[in-house]
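Trainee: please find the sequence and the predicted model below.
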Amino acid sequence: MDPIISVTALDKTYRSGQRALKGVSLQIRSGEILALLGPNGAGKTTLISMICGLTSPSSGQITVGGYDIVTDYRAARSLIGLVPQEVALEPFEKVINTVKFSRGLFGHPPDAAYVEQILRQLSLWDKRNTPIKELSGGMKRRVLIAKALSHQPKILFLDEPTAGVDVELRKDMWDVVGKLKASGVTIVLTTHYIEEAEAIADRVGVIADGDILLVEDKDKLMAQMGIKELYIELQKPIKAIPPALASYDLWLAEDGSRLTYVYDTKAERTGITGLLTDLSAAGLALRDLQTSQSSLEDIFVDLVKD
């Protein structure tokens with residue numbers, strides 16, 4: 001399947017000399033949810049802005065649905081809906097009129113049935129005649145999504161959609177995103193929240209200092225999170241791992257007082273019982289046992305700290 005968005009060797013350098021993106025290449029599949037993780041200033045919003053045609057690249061190419069974002073701007077932009085991080089809405093306008101206006105900006109004729117469908121999908125239909133200023137923060141974010149969907153785009157960009165909202169509202173937004181995906185919309189979201197990527201993304205991309213460090217299926221990353229380490233503190237240091245323990249994935253600390261064993265919690269057998277039995281048979285007395293497990297956050301931190 002051809003990607004719905006293709007980014008090739010994208011580079012952005014501002015007049016100040018700051019290089020915001022450094023030869024970024026990225027393929028986004030149709031119908032997926034891609035979460036872009038990265039610290040502040042990593043280049044997440046710059047990347048989204050260039051894909052949406054809001055910022056010009058210094059070099060490189062972007063195609064959306066096969067259309068070049070520079071030479072076929074109108075066709076490419078018509079496929080995209082953007083939900084910005086900032087809530088900028090006309091406070092005295094009614095919800096339904098705000099959505100209708102956004103649809104008209106793209107040259108689409110009025111379609112009351114489609115507007116109603118969007119508002120119902122986002123649980124805004126009962127608020128359709130309510131002025132924006134009377135809505136809660138969560139409802140205002142839903143209005144932003146409705147505006148972005150008003151011209152029936154195939155791709156929806158969400159820039160920090162749950163920034164500054166409480167946990168309950170965040171999970172509510174996850175449900176909304178899941179329903180949008182089920183309706184066939186491709187979704188790209190930027191986020192600081194690791195649990196957000198874990199909860200709703202199909203793939204996770206990590207960006208730092210203008211570079212894409214990783215783009216991987218979430219399930220594969222979660223499989224890495226099943227890897228645990230067992231730390232075995234010995235009562236007496238040893239100089240080398242006994243030959244009888246060579247079949248285990250062990251390594252010895254420099255001072256010889258601790259063994260580390262790596263195992264998969266999702267495997268049918270972890271091998272821990274056999275290891276402890278063989279340790280005793282080898283004459284090694286234990287002082288203490290500890291375990292640690294990697295998380296998506298650990299993977300993220302390891303990637304961006306270098």
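Mentor: Sure thing, it's come through. Remember, it's a predicted structure, so these values are computed and weren't measured experimentally.
Trainee: would you agree Ala35 is in contact with Ala201?
Mentor: Yes: using C-beta atoms under 8 Å, Ala35 makes contact with Ala201 at a distance of 3.7 Å. From N, CA and C alone the C-beta is placed, and that goes for glycine too.
Trainee: return every residue with contacts to both of these two.
Mentor: 189, 218 (C-beta atoms under 8 Å, 6 or more residues apart in numbering).
Trainee: now do the strands in the stretch 151-300 of the chain.
Mentor: Secondary structure of the stretch 151-300 of the chain (DSSP state E, counting those that start in this stretch): strands at 155-159, 186-191, 203-208, 211-217, 227-234, 250-252, 258-264, 286-293.
Trainee: what's the closest of these to Lys171?
Mentor: With C-beta to C-beta as the measure, strand 186-191 is the member of these nearest Lys171 (13.5 Å).
Trainee: which helices and strands does that closest one pack with?
Mentor: strand 33-37, helix 44-51, strand 155-159, helix 167-182 (3 or more C-beta pairs under 8 Å, 6 or more residues apart in numbering; DSSP states H and E).
Trainee: mind putting those into JSON lines with mean pLDDT and mean neighbour count?
Mentor: Compiled in JSON lines, the helices and strands packed on strand 186-191 are given as follows (pLDDT from 0 to 100; neighbours: other C-beta atoms under 10 Å):
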{"stretch": "strand 33-37", "mean pLDDT": "92", "mean neighbour count": "25"}
{"stretch": "helix 44-51", "mean pLDDT": "92", "mean neighbour count": "23"}
{"stretch": "strand 155-159", "mean pLDDT": "92", "mean neighbour count": "23"}
{"stretch": "helix 167-182", "mean pLDDT": "82", "mean neighbour count": "15"}
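Trainee: out of these, which is closest to Asn129?
Mentor: helix 167-182 (21.2 Å).
Trainee: Ala197: what's its closest spatial neighbour, skipping adjacent residues?
Mentor: Ala35 (3.9 Å; C-beta to C-beta, 6 or more residues apart in numbering).
Trainee: any idea how far apart the tips of stretch 61-71 sit?
Mentor: For stretch 61-71, the separation between the terminal residues is 10 Å (C-alpha to C-alpha, to the nearest Å).
Trainee: need phi/psi at the residue nearest to Ile238 when sequence neighbours are not counted.
Mentor: Of all residues not flanking Ile238 in the chain, Gly256 sits nearest, at 5.0 Å (C-beta to C-beta, 6+ apart). The phi/psi pair for Gly256 (degrees, to the nearest 10) reads phi 80, psi 10.
Trainee: contacting residues for Gly256?
Mentor: 234, 237-239.
Trainee: neighbours around Ser56, how many?
Mentor: 10 (other C-beta atoms under 10 Å).
Trainee: correction: the previous question concerned Ser292.
Mentor: The burial count for Ser292: 12, using other C-beta under 10 Å.
Trainee: would you agree it is in contact with Tyr231?
Mentor: Yes: in this structure, Ser292 is within contact of Tyr231 by C-beta under 8 Å, at 7.3 Å.
Trainee: residue boundaries of the helices in the stretch 1-150 of the chain?
Mentor: 44-51, 73-77, 95-105, 112-121, 137-149 (DSSP state H, counting those that start in this stretch).
Trainee: show me the beta-bridge partners of the residue nearest the centre of the chain.
Mentor: In the chain, the residue lying closest to the centroid (C-alpha atoms, centre = their mean) is Ala35, at 1.9 Å. Beta bridges link Ala35 to Leu189, Val204 when assigned by DSSP bridges.
Trainee: mind checking how far it is from Gly41?
Mentor: Between Ala35 and Gly41 the distance is 18 Å, computed by C-beta to C-beta, to the nearest Å.
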